[in-house]
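Engineer: Fold the following.
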Amino acid sequence: MARAETLVDLLDGLLDAPRPDLLRVKRQGRWQNISTAEFVAGARALARFLIDRGVAPGDRVALLSENRPEWSQTDFGILAAGAVGVPIYATLLGEQVSFIVRDSGARIAFVSTPAQYEKLRMGLEQTGLETVVVFDPAKPPGAWVVSLEEALAAGRAADRAQPSVVDARKKAVRPDNLATVIYTSGTTGEPKGVMLTHRNFTSNVESVLGLIPMARTDVGLSFLPLSHVFERTVEYCYFRLGCCLAYAESIEAVRENLLEIRPTVCAAVPRLFEKTRTRILDTVREGSSFRRALFGWALGAGRRKSGYTLEGKRPPLLTGLRAAVADRLVFSKIRGRLGGRLRFFISGGAPLARDLGEFFECFGVTILEGYGLTETSPVIALNTPDHRKLGTVGRVIPEVEVKIAEDGEILARGPNIMKGYWNKPEATVQALEEGWFHTGDIGFLDAEGYLLITDRKKDLLVTSAGKNVAPQPIENALKSSRFIANAVCIGDRRNFIAALIVPEMDALRSWAREKGIAAPAPGEGLRAFLDRAELQSLIGREIERTTERFAPYERVKRFHLLERDFSIDDGEMTPTLKVKRRVVLSRYAAAIDRLYA
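Structural biologist: I've put the predicted structure just below:
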């Protein structure tokens, strides 16, 4: 298979081995297949539609949608027209959407639903949009609104009459042409448009597929937002191989869709694994004493075996036999809840706590953690089935170089590094110094060449005593407690470390029932419940237990329990579930001040 030089090559390559089930989507309660021929023809028709609407090479086209086949088909249509896609997170508010459309200079926008269209409608005059294409059949009124079916029909008719138009556009696409402008949601500050070329993506896809044993026979499940570079690059890997790809109905439906699709490969973020672990442990605790004892024995057997396998060693006979029994009695059932065919997860978007990786390793669930940023397309380093080390993000991938600056910052360069920031030349110069991209992450390479991330450079807390404290390792440790769903450490320029704690309410209610403490119904009297001395003491003990390995100045001295988790809709988390620290600290400023009073 010849190396793909542009993303248009991925589209053309699909026709080399067409399949009836390239994509799968659930509609009216039934999973439906979309063939390779249908997908490619639709992308070509949309390319022609854009061309006939006056979209020139390099023009920007916005894409505001949840994950669905139309997202991917439109993406390739934009690329085949030589245009530049501007994906927008479906969870963003209208004001944020309008900013991105206006800043990018997009002339045409594709949206999934009338509700998403409403985010654009109020600002159509300010954004400069000329046409809005709506995926759903219910088309909103307006002379500038076109249904997807109308766009496809117009494109097909024009392409039949003169196919050379699209062929010429596709042929003119070069590896260094701009493919997309992705606006980073960012954990701080105004979003920046990251300019990525065709070569940025294809170099990453080719390197990753040279390391991970994926094949045409694999089945993927897509549920992370395609507007994020991580899921998008993973999807390009699927298309490169011609795999079958199913789109989850929603994040909430992932558990059900895993059972229905039974994927072999899946991309996920650590938050999914944290929630899955919590569900597993809660189920075990609610079982009989025999089941709890069996699970504990099985976990120990699995842990002993994984200790050997992770080092590339064959476990002793007795260890292997115990693990086989544990697998048959316990672990196979847990894997069954993930579909039963999963070969591995690919984890990205945020750091994966080591103990979380070890927990799933015991069950025979392999998590391949990688590392990268939007600006690096995204993969810089990756653990592979043959070379992986828990607690690290893997080794640097081929064609990419990494060096550690004097202050510990990770610098990278290679064909995957962005062209720059859209309309921000000064920010581009700062980020790309002498060809090296400054990641903003702190880390180091160990003796075996594995990369370890210790913290974000800007997130480091410097106490009033001058102690540097990295909050992420502490927060990950706190979240290992079944009573803690989320945590944000604070203490910059303060005299000790404190934390905002989001309690795991199901676990707290269960604990309260065991202790004979009345727990309120969801949303009723929660503050008084969380302020009870018994609960405060419980969380205090959990904080001490989970952070005992940290230095005294790194340990959490005081905490405040929040009544709800952070959310994307309230602007407290990015679409990949990373906490926006600055927003959270501002929102809970009064509670934080009381901690230090």
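Engineer: residue ranges with poor pLDDT in the stretch 151-300 of the chain?
Structural biologist: Within the stretch 151-300 of the chain, the segments meeting pLDDT under 70 span 185-190.
Engineer: quick one, helices of it?
Structural biologist: Assigned by DSSP state H, counting those that start in this stretch, the helices in the stretch 151-300 of the chain fall at 164-172, 198-209, 229-241, 254-261, 270-285, 289-309.
Engineer: Just the angle for the last one relative to helix 270-285, thanks.
Structural biologist: Put plainly, it is helix 289-309. Orientation check (axes from the mean of the first three to the mean of the last three Cα atoms, to 10 degrees): helix 289-309 against helix 270-285 gives 140 degrees.
Engineer: So which bits of stretch 547-567 are buried?
Structural biologist: 547, 550, 553-562, 566 (16 or more other Cβ atoms under 10 Å). C-beta: built from backbone N, CA, C; applies to glycine.
Engineer: so which pair among those residues is furthest apart in space?
Structural biologist: Tyr553 and Phe566 (26.0 Å; Cβ to Cβ).
Engineer: Number of residues surrounding Glu311?
Structural biologist: Counted with other Cβ atoms under 10 Å, residues neighbouring Glu311 total 8.
Engineer: Also Thr127?
Structural biologist: 22.
Engineer: I'd say Ile397 and Val379 touch.
Structural biologist: Yes. The pair Ile397 / Val379 is scored as a contact, 5.7 Å apart, by Cβ atoms under 8 Å.
Engineer: Look at the two and report which has more neighbours.
Structural biologist: Neighbour tally, Ile397 and Val379, criterion other Cβ under 10 Å: the higher count belongs to Val379, 28 against 24.
Engineer: Is that one bridged to anything, and to what?
Structural biologist: Gly372 (DSSP bridges).
Engineer: ok, back up a step: shared neighbours, Ile397 and Val379?
Structural biologist: By Cβ atoms under 8 Å, 6 or more residues apart in numbering, Ile397 and Val379 have these common neighbours: Asn204, Ser207, Val208.
Engineer: Quick check: closest non-adjacent residue to Val469.
Structural biologist: In space, and not counting its chain neighbours, Val469 is closest to Leu461: 4.4 Å by Cβ to Cβ, 6 or more residues apart in numbering.
Engineer: what does Ser347 give?
Structural biologist: Nearest residue to Ser347, sequence neighbours excluded (Cβ to Cβ, 6+ apart): Glu369, at 4.6 Å.
Engineer: Count the neighbours of that neighbour for me.
Structural biologist: Glu369: 25 neighbours (other Cβ under 10 Å).
Engineer: Which element, helix or strand, includes it?
Structural biologist: Of the helices and strands defined by DSSP states H and E, Glu369 is found in strand 367-372.
Engineer: hang on, the earlier thing: any idea how far the residue nearest to Val469 lies from Leu562?
Structural biologist: Here the criterion is Cβ to Cβ, to the nearest Å. By it, Leu461 lies 19 Å from Leu562.
Engineer: now Val469
Structural biologist: 21 Å.
Engineer: just the angle between the top strand by length along the chain and strand 367-372, please?
Structural biologist: Ranked by residue count, the top strand of the chain under DSSP state E comes out as strand 436-445. Interaxial angle of strand 436-445 relative to strand 367-372 (the same axes, to 10 degrees): 140 degrees.
Engineer: helices and strands around the following helix or strand past strand 436-445, which ones?
Structural biologist: Sequence order places strand 451-456 as the next helix or strand after strand 436-445, per DSSP H and E. Applying 3 or more Cβ pairs under 8 Å, 6 or more residues apart in numbering; DSSP states H and E, we find strand 451-456 packed against strand 436-445, helix 471-478.
Engineer: Can you name the residues in contact with the helix or strand immediately after the shortest one in the chain?
Structural biologist: Read it as helix 471-478. Next along the chain after helix 471-478, taking DSSP H and E as the criterion, comes strand 484-490. Strand 484-490 is contacted by residues 274, 278, 461, 469, 471, 474-475, 478-479, 497-505, 539, 542, 546, 556, 565-566, 579, 581, 584-585, 592, 595 when judged by Cβ under 8 Å, 6+ apart.
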